[in-house]
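**Q** Need coordinates for the below:
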Amino acid sequence: MLTTTITTNHLARRAIKAQFGPLGEEAAKLGLRHLLEVEVINNAHQLPHMHLDRTNLLNLNVQGKNDTRAQVKEVISTTRYGREENDVPSIDALRLTNVRTETPSGLDILQELDGVQPRLLEISCGWDEFCSLDEFSTLRTPFPLETLILSGACRPDIGLKSTQLAHITSLRLHLCCSIYLPRFPPPLKLRRLVVEENDIMDTICRLAEDTHMLEELEELVLIGTNGCDLMTCYELEQFLSSIQKMPRLRVLQISERLPIRDYGPITMNALPQFLPQALECFRFWSTPGAVTDHDPWTQRIRDRSWLPNLKEFIFSMDMKTDEVASKDARPPWERSEVQQYTGEKTTASDIVSFEIGKAMTEFRPGVKIAVITHG
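**A** Residues are numbered from 1 along each chain as shown. Below is the predicted model:
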């Protein structure tokens, strides 16, 4: 992906770069071609000047080569008005890192971005885990955003009242915690929600209680490997009930290392009864013991009126219990080879998986099934 980078410690540069992480995944989904990433660091926390790498530098017509605002202005101007080579695509993705829009420098840079037409925006929060979208409402030309990524936002007073949230179709909360989103009137355009790490279940509970953002969802992806869920005022039953508030949900993917509470382990035994009837793809990956009783699952599976549109069913309890190991491991739907349930049943989780897989094979022959043992 063509990437133009402007930072406080380097001159602007441009190069073809492979993008990884949330932005890389979302950019690939949208087929985006040109990322502009801008870093602004508050002067009180300025990083020391680093050795200047002069590869891929842009020849910008600006007075102050280290003036981030001037560089942004020139990059936007040359890209927008065609003074560059014809093969330079327009900017369709934007990443703002350490941008404090309540500071003069942050507001200045935001104004220079007026007129850019990104389909994807990532805001990566700085050391204080704060970000704001409110100032984007001052743009004369609103961003035509389809996907918004918030990374590292971990404060309840984050400014997220921007109407941009009411118009995006995909929202990704990456390493966020304790954030509250505004209550826009329905219907909203949000169709896909990805929540990664920290209090993912609590976030879903807050969205269900305080917003309409779940009501039109078609895809929900939950990834939690650090066991930080349900540490506030919510219980598992509230999370499960929140799933029922997504009647249009077609894809549900849960990768979760369940937290351990004082009164004992949390299980997903009751999950099947809360799954929306519109579901077409169900993917579940957790640690051994996440489901200890197969009866609530097999009873639903035998009832052919349960999930009548189901096309894919993946179930695994082979996630490592260690946080670091679970982060590094790949979920079963991303592996080239998986161990099916038909192997030797050596643990209680293997037995549960075997019975669930056996019921799926017998009563749902038209469904793509992968039930994986702890093995």
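**Q** Name the nearest residue to R140, ignoring sequence neighbours.
**A** Taking CB to CB, 6 or more residues apart in numbering, and ignoring the residues beside it in sequence, R140 has D114 as its nearest neighbour in space, at 5.5 Å. (C-beta placed from N, C-alpha, C; glycine too.)
**Q** And P272, its phi and psi?
**A** With angles defined as degrees, to the nearest 10, P272 shows backbone torsions of phi -60, psi -40.
**Q** Verify the contact between it and T298 for me.
**A** No. If you go by CB atoms under 8 Å, P272 and T298 don't touch, sitting 9.2 Å apart.
**Q** Which parts of the stretch 251-375 of the chain are strands?
**A** Ranges of strands within the stretch 251-375 of the chain are 251-256, 260-261, 264-265, 281-286, 312-316, 368-372, based on DSSP state E, counting those that start in this stretch.
**Q** how about these in TSV, adding mean pLDDT?
**A** TSV is the format used below for the strands of the stretch 251-375 of the chain (pLDDT from 0 to 100):
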stretch	mean pLDDT
strand 251-256	96
strand 260-261	72
strand 264-265	73
strand 281-286	96
strand 312-316	96
strand 368-372	92
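**Q** Okay, and T4 sits in which element?
**A** When secondary structure is defined using DSSP states H and E, the element that contains T4 is strand 2-6.
**Q** picking that back up, what's around the residue nearest to R140, how many residues?
**A** The local packing of D114 (other CB atoms under 10 Å) involves 14 other residues.
**Q** quick one, what contacts it?
**A** With contact taken as CB atoms under 8 Å, 6 or more residues apart in numbering, D114 is in contact with L139, R140, T141.
**Q** Got the domain ranges for the chain?
**A** Domain assignment of the chain by the TED database yields the ranges 35-40+70-75+88-190, 211-374.
**Q** Please identify the most buried of those.
**A** Each of the domains of the chain was scored by mean neighbour count; the highest is domain 35-40+70-75+88-190, a mean of 18, by mean count of other CB atoms under 10 Å.
**Q** chain center to that one, what's the gap?
**A** Domain 35-40+70-75+88-190 has its average C-alpha position 15 Å from the chain's average C-alpha position, going by CA atoms, centre = their mean, to the nearest Å.
**Q** do stretch 178-196 as well
**A** Between the mean C-alpha location of stretch 178-196 and the chain-wide mean there is a distance of 12 Å, by CA atoms, centre = their mean.
**Q** W333 and Q253, how far apart?
**A** Applying CB to CB, to the nearest Å, one obtains 8 Å for the distance of W333 from Q253.
**Q** Identify the contacts common to these two.
**A** R283.
**Q** want to throw the strands of the stretch 251-375 of the chain into CSV with distance to P22?
**A** Written out in CSV, the entries for the strands of the stretch 251-375 of the chain read as follows (distance: least, CB to CB, whole Å):
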stretch, distance to P22
strand 251-256, 15
strand 260-261, 28
strand 264-265, 30
strand 281-286, 18
strand 312-316, 22
strand 368-372, 25
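**Q** how far away is E112 from S124?
**A** Taking CB to CB as the criterion, E112 is separated from S124 by 19 Å.
**Q** tell me the mean pLDDT over the strand holding T4?
**A** Across strand 2-6, the average pLDDT comes to 89.
**Q** Ok, stretch 167-185 next?
**A** When pLDDT is averaged along stretch 167-185, the result is 90.
**Q** I356 is in contact with I314, isn't it?
**A** No. Under the criterion of CB under 8 Å, I356 lies out of contact with I314, with a separation of 11.1 Å.
**Q** between the two, what contacts are shared?
**A** Common neighbours of I356 and I314, using CB under 8 Å, 6+ apart, are V371.
**Q** per-residue confidence at the residue nearest to R140?
**A** The confidence metric pLDDT takes the value 86 at D114.
**Q** next one: the one 5 residues further on
**A** Looking at R119, its pLDDT is 95.
**Q** List of residues touching stretch 357-368?
**A** For stretch 357-368, the surrounding residues in contact (CB under 8 Å, 6+ apart) are 294, 297-298, 301-302, 304, 310-313, 315, 340-342, 369, 371.
**Q** Would you confirm that D108 belongs to a helix?
**A** Yes. Using DSSP: H, G, I helix; E, B strand; the rest coil, the secondary structure at D108 is a helix.
**Q** can you count the residues close to the closest residue to it other than its chain neighbours?
**A** Once its chain neighbours are removed from consideration, D108 has its nearest residue in R69; the separation is 4.8 Å (CB to CB, 6+ apart). Using other CB under 10 Å as the criterion, R69 is surrounded by 21 other residues.
**Q** R69 belongs to a strand, doesn't it?
**A** No. Assigned with three-state DSSP, R69 falls outside any strand and is helix.
**Q** Tell me how far it lies from I123.
**A** Using CB to CB, one obtains 18 Å as the distance from R69 to I123.
**Q** before we move on, the earlier item: select, out of the strands of the stretch 251-375 of the chain, the one closest to L2.
**A** strand 251-256 (30.4 Å; CB to CB).
**Q** Which neighbours in the sheet does that closest one have, and how are they oriented?
**A** According to DSSP bridges, strand 251-256 has the following sheet partners: strand 219-224 (parallel), strand 281-286 (parallel).
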